[in-house]
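Trainee: fold the following for me, if possible:
(2 chains)
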Amino acid sequence: NAGVTQTPKFQVLKTGQSMTLQCAQDMNHEYMSWYRQDPGMGLRLIHYSVGAGITDQGEVPNGYNVSRSTTEDFPLRLLSAAPSQTSVYFCASSHRQGGAYEQYFGPGTRLTVT
Amino acid sequence: DAKTTQPPSMDCAEGRAANLPCNHSTISGNEYVYWYRQIHSQGPQYIIHGLKNNETNEMASLIITEDRKSSTLILPHATLRDTAVYYCIVRVAWDSGYSTLTFGKGTMLLVSP
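Mentor: Next up is the predicted model:
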């Protein structure tokens, strides 16, 4: 299993440009999430999905869109990039084990908006 | 989900046990305690979770007090590669409806030679 994969690893955008961060998992997990992490901070949830076709907003959803057309893929779209979206973005997938969840993270995408 | 409190940083000598505390005094009966760690520039890594009983796996042990208001993550023989930020997170069981992980600032563990 590749686990959770993210592309690209690095990206530089100009203000106003749009782009899609890709996330895929091959573990058949129901749940997927996107987080951002700013320097010296913990992770903050952007959007999440509890299954194909079902998404919901997290703590910091503004400026981002998601969709979940398949179990495997959960892309994150930046509609009009702003310098405040400079961050490291992590995708995660999780499944239930007993009453708990086990959550697995991808390696991250480092985004700079100039 | 209940809030957790962790010390901002800890030191440990290589080869010794690292004991990382976490306070979760408002935890509810259906909430699990999870530990994750994040090595610099990498994605967070799941370590262990527990509900009431102590748990052990190949990475670590989790000791939960009888009243469940605090817990300790134990790395029995810390190595330099265990230097990371460790996050203690409390989260409801899945049958209470899906909930997401809420990361605080964690504990920066520095393992020294």
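
Trainee: nearest the middle, which residue of chain B would you pick?
Mentor: With distances taken as CA atoms, centre = their mean, the residue of chain B nearest its centroid is B:Trp35 (3.1 Å).

Trainee: need the distance between the two termini of stretch A:14-22.
Mentor: 19 Å (CA to CA, to the nearest Å).

Trainee: report whether that stretch contacts chain B.
Mentor: No: using CB under 8 Å from any CB of the partner chain, we find that stretch A:14-22 stays clear of chain B, coming within 13.5 Å at best. Heads up, the C-betas are built off the backbone N, CA and C, glycines and all.

Trainee: which residues sit against that stretch?
Mentor: A:6-8, A:11, A:13, A:34, A:73, A:75-83, A:89, A:91, A:109, A:111, A:113-114 (CB atoms under 8 Å, 6 or more residues apart in numbering or on different chains).

Trainee: contacts only, for the closest residue in space to A:Val50 that isn't next to it in sequence.
Mentor: In this structure, A:Val50 finds its nearest non-sequential neighbour in B:Tyr98, 5.0 Å apart by CB to CB, 6 or more residues apart in numbering or on different chains. Residues near B:Tyr98 by CB under 8 Å, 6+ apart: A:Tyr31, A:Tyr48, A:Val50.

Trainee: what secondary structure does B:Tyr98 sit in?
Mentor: coil (DSSP: H, G, I helix; E, B strand; the rest coil).

Trainee: packing partners for the lowest-mean-pLDDT helix or strand in chain A?
Mentor: Counting by mean pLDDT, DSSP states H and E, chain A has its least confident helix or strand at strand A:100-105, which shows a mean of 87. Judged by 3 or more CB pairs under 8 Å, 6 or more residues apart in numbering or on different chains; DSSP states H and E, the packing partners of strand A:100-105 are strand A:31-37, strand A:87-97, strand B:31-38, strand B:45-50.

Trainee: of those strands, which is nearest B:Leu73?
Mentor: B:Leu73 lies closest to strand B:31-38 among the helices and strands packed on strand A:100-105, at 4.9 Å (CB to CB).

Trainee: anything in the closest one near chain A?
Mentor: Yes: on the criterion CB under 8 Å from any CB, strand B:31-38 is in touch with chain A at B:Tyr32, B:Tyr34, B:Tyr36.

Trainee: chain A: which of those residues is nearest?
Mentor: B:Tyr32 (4.7 Å; CB to the nearest CB).

Trainee: dump the residue contacts of the closest one.
Mentor: A:Gly99, A:Ala100, B:His49, B:Gly50, B:Leu51, B:Val90, B:Arg91, B:Val92, B:Ala93.

Trainee: give me the beta-bridge partners of residue 34?
Mentor: Just going to use chain A. Applying DSSP bridges to A:Trp34 yields these beta-bridge partners: A:His47, A:Cys91.

Trainee: to clarify, I was referring to chain B.
Mentor: Beta-bridge partners of B:Tyr34, as defined by DSSP bridges: B:His49, B:Ile89.

Trainee: would you mind measuring the gap between the ends of stretch B:22-35?
Mentor: OK, stretch B:22-35 end separation, CA to CA: 10 Å.

Trainee: picking up where we left off before, distance-wise, check the residue nearest to the centre of chain B relative to B:Leu75.
Mentor: 10 Å (CB to CB, to the nearest Å).

Trainee: overlap of the contact sets of these two?
Mentor: B:Leu20, B:Ala60.

Trainee: helix, strand or coil for B:Tyr87?
Mentor: On the basis of three-state DSSP, B:Tyr87 is classed as strand.
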